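Chemist: for reference, the sequence and a predicted model appear below.
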Amino acid sequence: MYIAISGNIGSGKTTLAEKLGKYYNWEVEYEVVETNPYLPDFYADMNMWSFHTQIFFLNTRFKQNQIIQQKGKNIIQDRTIYEDAFVFAKNLNQNGFLADREYETYLGLYESMSAFIKPPDLLIYLKADIPKLVERIHNRGRAYENLIRIDYLRDLNALYEEWISQYRDSKLLTINVNELSFDRKAEDLSYIVNLIESEIHGLFS
């Protein structure tokens, strides 16, 4: 079983992946954020560092996907390669931070990799409005994230909705997390687990 968790910055993907990993005793493949050498520069100057940042994420996400396939274990993944291509890179291109020729080069690499990508058995999309995202980003206290603009988060949310509305690669579970605090409230985590259990049982019915 391979479950992937998707969602905007601050939606709670990593926290939920960690909680579910402990609950199911499954392995978790975390998003490589802290080791991305371009990320602080990217938030300070998106025009200069967008291409470098996206290529780093694309490469590490592809390697992660290959590891997941090779292990053949029950795994939960924190963010997917699809989001890199259809949300983050697309947003940077639409807002003029990623030039058309850079975006075309990026998409060419993604398309070459896509033939070797195994989609998750279940994709979980954490849907959150801007106030919830801002609250969680502030609470986790990453200094470079103080530079994230509200309009950047808003644009990402719009592209997430567009991508999710067209997603057909596997079973999809959308969870509105605006009123949930699964990091602190056991009942909220139980609610999410029950939703996932229903989907998992459906996969084998």
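Modeler: Sure thing, it's come through. Keep in mind that what you see is a predicted model, and the values were worked out from it rather than measured.
Chemist: hmm, residue 109 is touching residue 56, no?
Modeler: No - here residue 109 does not reach residue 56: they are 11.9 Å apart, not a contact under Cβ atoms under 8 Å. (Each C-beta comes from the backbone N, C-alpha and C, glycine too.)
Chemist: which one's more surrounded, those two?
Modeler: residue 56 (19 against 16; other Cβ atoms under 10 Å).
Chemist: spatially central residue in the chain, please.
Modeler: residue 79 (2.8 Å; Cα atoms, centre = their mean).
Chemist: can you list the buried residues in the one helix or strand residue 173 maps to?
Modeler: If you go by DSSP states H and E, residue 173 is part of strand 171-176. Neighbour counts using 16 or more other Cβ atoms under 10 Å place 171, 173, 175 of strand 171-176 among the buried residues.
Chemist: circling back to that earlier point, out of everything not next to it in sequence, what's closest to the residue nearest to the centre of the chain?
Modeler: residue 31 (4.4 Å; Cβ to Cβ, 6 or more residues apart in numbering).
Chemist: residue contacts, that neighbour?
Modeler: By Cβ atoms under 8 Å, 6 or more residues apart in numbering, residue 31 lies in contact with 13, 14, 78, 79.
Chemist: separation between the closest residue to the first one other than its chain neighbours and residue 172?
Modeler: In space, not counting the residues next to it along the chain, residue 13 is nearest to residue 5; the distance is 4.6 Å by Cβ to Cβ, 6+ apart. Distance check for residue 5 against residue 172: by Cβ to Cβ, to the nearest Å, it reads 12 Å.
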